[in-house]
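Asks: can you look at this prediction? I've put the sequence above it.
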Amino acid sequence: MREDPLSIEYRGLLNPAQLEAVLHRETPLLVLAGAGSGKTRVITYKIAYLIHECGYRPEEIFAVTFTNKASNEMRERVNVLLEDSVDVWVRTFHSSAAKLLREWGKSLGVDPGFSIIDQQDQRSGLKKIVRSMNIDTETYRPEKYMYLINRAKDLLMNADEAASASFSSDLYFNDVYAQYQALLDRENLFDFSDLLFKLTRALERHGEVLERIRRRFRYILVDEFQDTNHAQYVLIRQLVGGGGSICVVGDDDQSIYGFRGARIENIHNFVKEYENCRVIKLEENYRSFQNILTASSQVINNNEERFGKTLYTKKGEGEKLIFCRTGTDYEESRFISKTILELGLIHGYRYSDCAIFYRMNAQSRAFESVFNQHRIPYTIVGGLRFFEREEIKDILAYIRLAMNPMDEIALRRIANRPPRGIGQRTVDAMVKACMDRGYSILHGDDDLPIAPSRKKLVLAFTELIADIGERITTQDPPSLLQHVYTTSGYLEWLRREQKEEKVKNLEELYNAVYEFHRSSPESSIVDFVEEVSLNQGARDDEFQDNRVHLITLHNAKGLEFPVVFMAGMEEGVFPHYLSGEALQDQQEERRLCYVGMTRAMERLYLTAAKSRLLWGRTVERDVSNFIREIPKDLLVEKEFGMSAANRASQRSGGSQAGLPSGSGLKKRRIVERDNSNITVNSRVVHESFGRGTVRSLQDDIAEIEFDDGFVMQFMLKYTPIQIENS
DNA sequence: CCAATAAGTGTTTTT
DNA sequence: CACTTATTGG
């Protein structure tokens, strides 16, 4: 080990295993980083070390992650350590591929002017193809082909190769894949899988370009390596070449993206694939109390084929885990809501200390409605994303179409939005005519074989798009956007239809573009579109306020919260009934459970409802097997809301708990109150929850049963409550 | 040929 | 329940 002084005091800031991971650089390195063991710390310090101590220039370092959130966080932390050495390449796999293709496309034989389509566009394209083949779209669902085609691309197989390898036994798969790819190629569109597929293919063919890229990136770091798919694995292999300048970090127990092609074998076989590989395990956990670690370890121990590691912490045992069975999903929300309020009143937790994890996005609705009633502020992380909204995608489609007049998918999206008399028939005719004759889709000549009554309308539309196209280079992004809003008639249409929410979103889009323009004045709207088509991103304000976080288990990876609720711990919901019987799938669900549990720092609650209103039906559910895998002595079991009284209150809609609307109640202010006149059995009125009776009183903590059956504890000196005056 | 309305249907996780 | 597709009236 080096003995010369280091310019950053690494030794004091890292534990021995972390330090070793930072300093090792002669041969390939695999860091097995358990949950909460400081892996981001290792990566960022390693980057700093390479630059400060080993003579690497920032732009020679290539660091990839999976999510935009992770890459933003990493870039920020690197910038703090390096005092704004922003040239380090910190990007997601997909944005890395897109950037390399744009930069090197010309020498790689790839047209760098491609547009990127998201899965919605991908689906609509496939739907069109399947329908045109006149086959039964119920047995042969477009979604199925979407899945298969993406998996084939992840495995670096084009349509021909997939066909000769008998990739799928589906009768029409080969045909659908070929047609779909023809559609994309014709219009120079790339789906997400294409980015990596085409890049690795092109690098294979052009060894001389690969060689130049290798010389540029002298050290490669990969985060969350357990989630790499085959294409990503191959890309990394290509970039590293024969050298040892690679460090991958991951945790096989946290591999949760098998459904989109991730191969856990990549991390398991890394040692075999990279010669002289060094393996370092990070097993000290800095996040959770021991009870949480023990419980989650016990759960994940039921999986096979793991590296296996033993997480430990120097923190104490901490609280036991709490498992609560409720009658219905609605009561589950009420229990969690009540618990959050109590944690705040009794232990001083803030809303933003609490997070609720669930398996399916649809589960958030119950929480939203109960939280609204109880005036608990919340935020849905990664729910309906801003840039996935209809109106946003429509506006961006105008710009996309102007950029790339071959983009049929964008054309179909907006040809008649707002309604301008160009229906499906007319669009079909336009597309077909142009395809046959090799025109651009925007060709507005008189000889197009469309109904005479439509010609004028079509001409007006093509002129509209052409006009936008000219302004892309001449106008700055914000005013161009404004121009699109008005000349397309889109904004006026929304106003006429009274879609206030959507109008607001367009304003927000304008703000985003304005901000984009301000921060990089030389960039065009094209760059903006590029950014948002990859950054299917969240808004910045997601984490700012004091709000409870509602979040899917998949989105929770990489986060941590003092208090975690895992909701819907029921067979069929989690593990999800569609996740498959195969051992592989069951194990992935279990890893997802492990990921969720290990996010908790101090308190972990698990809840399950007996019956759940899902898909318009009430379904009875058993408790998830994962609960049984938690040692009994670490678990406090409770029940909530299965009494007749609560059933009744539920039917009445729960409006009793609603606040009187209006004055001054938006923010709960912490004011001390004198409630010493309240004793056991007092009849009381609570500002939010209405009338009730005090059931017990101990050390200023009162348990109150409200008339609707809702039972809750309060710290009286902070509670807005009075004796009922009769 | 388009737009509004009525019936019908299939429900995970995401770059 | 929310979203897609068939039908009918303009």
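Replies: Noted; the coordinates are in hand.

Asks: for the stretch 351-500 of chain A, which segments count as strands?
Replies: With strands called from DSSP state E, counting those that start in this stretch, the stretch 351-500 of chain A shows them at A:354-358, A:378-380.

Asks: list the strands paired with the first one, with their directions.
Replies: Put plainly, it is strand A:354-358. Strand A:354-358 sits in its sheet next to strand A:548-552 (parallel), strand A:561-566 (parallel), going by DSSP bridges.

Asks: out of these, which gets nearest to A:K69?
Replies: strand A:548-552 (11.4 Å; C-beta to C-beta). (Glycine included, C-beta is placed from N, CA and C.)

Asks: next SSE after the closest one?
Replies: Later in the chain than strand A:548-552, the nearest helix or strand by DSSP states H and E is helix A:553-556.

Asks: show me which positions of that next one end up buried.
Replies: A:553, A:555-556 (16 or more other C-beta atoms under 10 Å).

Asks: name the nearest of the residues you listed relative to DNA strand C.
Replies: A:N555 (19.2 Å; C-beta to the nearest atom of the strand).

Asks: so what's that closest one up against?
Replies: Contacts for A:N555 (C-beta atoms under 8 Å, 6 or more residues apart in numbering) come out as A:381-382.

Asks: middle-most residue in chain A, spatially?
Replies: A:N555 (4.6 Å; C-alpha atoms, centre = their mean).

Asks: let me know the pLDDT of it.
Replies: Per-residue confidence (pLDDT) for A:N555: 89.

Asks: so which residues on the stretch 301-450 of chain A come close to DNA strand C?
Replies: Residues of the stretch 301-450 of chain A lying close to DNA strand C (C-beta under 7 Å from any atom of the strand) are A:R365.

Asks: DNA strand C next: which of the buried residues of helix A:553-556 are close?
Replies: Here nothing survives when the buried residues of helix A:553-556 are matched to DNA strand C using C-beta under 7 Å from any atom of the strand.

Asks: just those now: which is nearest DNA strand B?
Replies: Among these, and counting by C-beta to the nearest atom of the strand, the member closest to DNA strand B is A:N555, at 4.7 Å.

Asks: need the mean per-residue confidence for the helix or strand that contains A:I149.
Replies: Assigned by DSSP H and E, A:I149 falls within helix A:142-154. Averaging pLDDT along helix A:142-154 gives 91.

Asks: got the CA positions of the helix or strand just after it in PDB?
Replies: Once the chain leaves helix A:142-154, the next helix or strand it forms, by DSSP H and E, is helix A:159-164. Extracted in PDB, the C-alpha atoms of helix A:159-164 (Å, rounded to 0.1, in the frame of the first residue of the first chain):
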ATOM      1  CA  ALA A 159     -34.600 -10.200 -36.600                       C
ATOM      2  CA  ASP A 160     -32.700 -12.600 -38.800                       C
ATOM      3  CA  GLU A 161     -30.500 -13.900 -36.000                       C
ATOM      4  CA  ALA A 162     -33.500 -14.300 -33.600                       C
ATOM      5  CA  ALA A 163     -35.300 -16.200 -36.300                       C
ATOM      6  CA  SER A 164     -32.400 -18.600 -37.000                       C
END
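
Asks: can you list contacts of helix A:159-164?
Replies: Residues contacting helix A:159-164 (C-beta under 8 Å, 6+ apart): A:152, A:167-168, A:173-174, A:177-178, A:181.

Asks: and what of stretch A:463-482?
Replies: Contacts of stretch A:463-482 (C-beta under 8 Å, 6+ apart): A:395, A:398-399, A:401-403, A:405, A:442, A:444, A:483-484, A:487-488, A:509-510, A:513-514, A:516-517, A:521, A:523-526, A:528.
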